[in-house]
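> build me a structure from this.
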Amino acid sequence: MGSQGGGSGFNGDWALKYVEEIAFPRRAGTQGEQKAAQTIVRILKELGYETSEKDFYVLLTPWIWMKGILLISLLLLFVTWLTFGKIPFVAVFVASLFLLGIVVWERLWLYLGRWVVSGSLKRGMQSKNILAHLPGKEGGQPLYLVAHYDSKSQFLNFYLRTGFFLLGSASGCIFSIWVWIHGLRSWMGEEGFSIPLVIQGCFLLAVMMNLLLLFAKMGNDSEGAVDNASGVGVLLEVSRNLIINKPSAINPIFLFTGAEEMGLLGSLMFRKRHGEEMVQKEGLLINIDSVGREGKMRGCFSTTLGKRWLRQVLKVAQEKGIRLQTLPFHKGILMDHLPFCYLRIPSISLTSISREGWHLHTHRDRFCLIHKEGLVEMGRLVLGLIESLEIGRRKENGIKN
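Got it, this is the predicted structure:
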């Protein structure tokens, strides 16, 4: 399939074709991921973009950090249980570590994860980020348009795993808080109380959820169509539009990240290499991840700057008659905007909450799940936002249309 097409305006048929081109298993570090990267680069070059491929390497076995948090949680829970009656001080301390870990684990991973990837030490699993610029484009406010292109396959779907994670975290927190309170009471001289059945149930539930996620079956037979060939297809069609109608005050930069499903490794590597430059140039960032049915779009943000940026996107969506709602609570859902928002870069993710989510990360995530109307809706919003930013910047600079 060629990449060129006449006419402007977001074309759902072209977006579908782009999705279909990479709708095959492409787990990070495999030949499938390499083939998907080559396809994306080919399309971008045929469209006329200046592209660069940024290889990076994963220094540690993925199992260490993908399953490590579950092992640590289990260890903390068991130590708390075993020491509660005999060594209250240890139980309270370990319970506090569990509670702290639930609160800060995302930030901790974003800090430690950057040391897992390297652009110079050539060992371990290899992946790459793909960067594309409009030809000859230098000035203008940078707008980073991001989508990951690797896939993931597991026995449990994305919604179930997220639910089990939240259930295990919540029950573990209830158990830890009870231990913390009654441990303090024991230091004050209170004696003769035992763990209620409800709290015992919370402990057992937390252990069961962590064990279930720890031993969940992995595979590599998912086409990853919705997650996230759909996001890649939307951005490739957006890029086709922008090569025809080039903005002058906005500088759109396309970033396709690898190894996202291994813990946002591609975006962590990009932040490591270009984070300071993004801050200095006052860049904005939108991540597109898993496009579902029309009318089911959600915006995710972190930090105050992200919230303000999402408000601007919501305003554009309202003007375009596009239904966009916020997803205020997404604990346990890692998306590519997170590594950048803590650099004080306005960053959000756009996704969809629809029935297709019950198939994400499983072998059922096939091309047949893709809805053209959902792709068009997302593409219209992205193009409308670029148009709005362009008009705003030109007014600020005193440039007439």
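
> if you go through the stretch 301-401 of the chain in chain order, where are the helices?
Using DSSP state H, counting those that start in this stretch, the helices assigned to the stretch 301-401 of the chain run over residues 303-319, 338-341, 372-396.

> what of the chain?
12-21, 31-47, 62-66, 68-83, 88-112, 158-187, 197-214, 230-244, 265-280, 303-319, 338-341, 372-396 (DSSP state H).

> hey, least reliable of the ones you listed by pLDDT?
Note on these: helix 62-66 shows the lowest mean pLDDT, a mean of 74.

> for Ala147, see how far away the one residue sitting closest to the centre of the chain is.
Centroid-nearest residue in the chain: Met335, 1.3 Å away (criterion: C-alpha atoms, centre = their mean). Distance of Met335 to Ala147, computed by C-beta to C-beta, to the nearest Å: 11 Å. C-beta coordinates here come from the backbone N, C-alpha and C atoms, glycine included.

> circling back to that earlier point, which residues touch the spatially closest residue to the residue nearest to the centre of the chain that is not a sequence neighbour?
In space, and not counting its chain neighbours, Met335 is closest to Ser349: 4.2 Å by C-beta to C-beta, 6 or more residues apart in numbering. Taking C-beta atoms under 8 Å, 6 or more residues apart in numbering, we find Ser349 in contact with 286-289, 299-301, 335-337.

> need the residues that contact stretch 43-51.
2-4, 18, 21, 41, 130-135, 236, 239-240, 243, 254.

> those residues, buried ones only, as a ChimeraX selection?
Here is the ChimeraX command that selects the buried residues among the contacts of stretch 43-51 (16 or more other C-beta atoms under 10 Å):
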select :3,18,21,41,130,131,132,133,134,236,239,240,243,254
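
> so what pairs up with the residue nearest to Met335 in the strands?
Asn287, Cys300 (DSSP bridges).

> who wins for proximity to Gly295 among the helices of the chain?
Nearest to Gly295 among the helices of the chain is helix 372-396 (7.5 Å), distances taken as C-beta to C-beta.

> circling back: ok, which of the helices of the chain comes nearest Arg355?
helix 158-187 (9.7 Å).

> Phe270 is in contact with Val117, isn't it?
No - with contact defined as C-beta atoms under 8 Å, Phe270 does not reach Val117; the gap is 9.7 Å.

> show the contacting residues for Lys296.
352-354, 374.

> redo that, cut-off 10 Å
Residues in contact with Lys296 (C-beta atoms under 10 Å, 6 or more residues apart in numbering) are 323-325, 351-357, 371, 374, 377.

> check Lys67 too.
Per C-beta under 10 Å, 6+ apart, neighbours of Lys67: 61, 213-216, 218.

> picking up where we left off before, who touches both of Met335 and Ala147?
In contact with both Met335 and Ala147: 228, 260, 287-290, using C-beta under 10 Å, 6+ apart.

> dump the residues you listed to TSV, plus neighbour count.
Shown next, in TSV, are the shared contacts of Met335 and Ala147 (neighbours: other C-beta atoms under 10 Å):
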residue	neighbour count
Asn228	32
Glu260	28
Asn287	26
Ile288	27
Asp289	23
Ser290	28
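
> Ser186: which of those residues is nearest?
Among the shared contacts of Met335 and Ala147, and counting by C-beta to C-beta, the member closest to Ser186 is Glu260, at 45.8 Å.

> hang on, that closest one packs against Ser127?
Yes - the pair Glu260 / Ser127 is scored as a contact, 9.3 Å apart, by C-beta atoms under 10 Å.

> and for these two, which residues touch both?
What both Glu260 and Ser127 touch, as defined by C-beta under 10 Å, 6+ apart, is the set 28, 149-150, 266.

> output stretch 133-152 as CSV, nothing but the C-alphas.
Extracted as CSV, the C-alpha positions of stretch 133-152 are listed here (Å, rounded to 0.1, in the frame of the first residue of the first chain):
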residue,chain,number,x,y,z
HIS,A,133,9.5,16.4,11.7
LEU,A,134,7.9,18.4,8.9
PRO,A,135,10.6,19.1,6.3
GLY,A,136,12.4,22.3,6.8
LYS,A,137,10.4,23.2,9.9
GLU,A,138,12.4,24.8,12.7
GLY,A,139,10.4,27.6,14.4
GLY,A,140,7.1,27.5,16.2
GLN,A,141,6.0,26.0,19.5
PRO,A,142,6.7,22.3,19.6
LEU,A,143,3.6,20.0,19.9
TYR,A,144,4.7,16.4,20.5
LEU,A,145,2.1,13.9,19.1
VAL,A,146,2.9,10.6,20.7
ALA,A,147,1.7,7.0,20.2
HIS,A,148,3.5,3.7,21.1
TYR,A,149,3.7,1.0,18.5
ASP,A,150,4.6,-2.1,20.4
SER,A,151,1.9,-4.7,21.5
LYS,A,152,1.3,-6.9,24.5
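
> what residues of it count as buried?
133-134, 137, 140-152.

> bridged to Val146, which residues?
Leu255, Asn287.

> tell me how far it lies from Phe215.
32 Å.

> Asp13 now?
43 Å.

> what do you get for Arg123?
On the measure of C-beta to C-beta, Arg123 and Phe215 end up 28 Å apart.

> before we move on, what about Met297?
34 Å.
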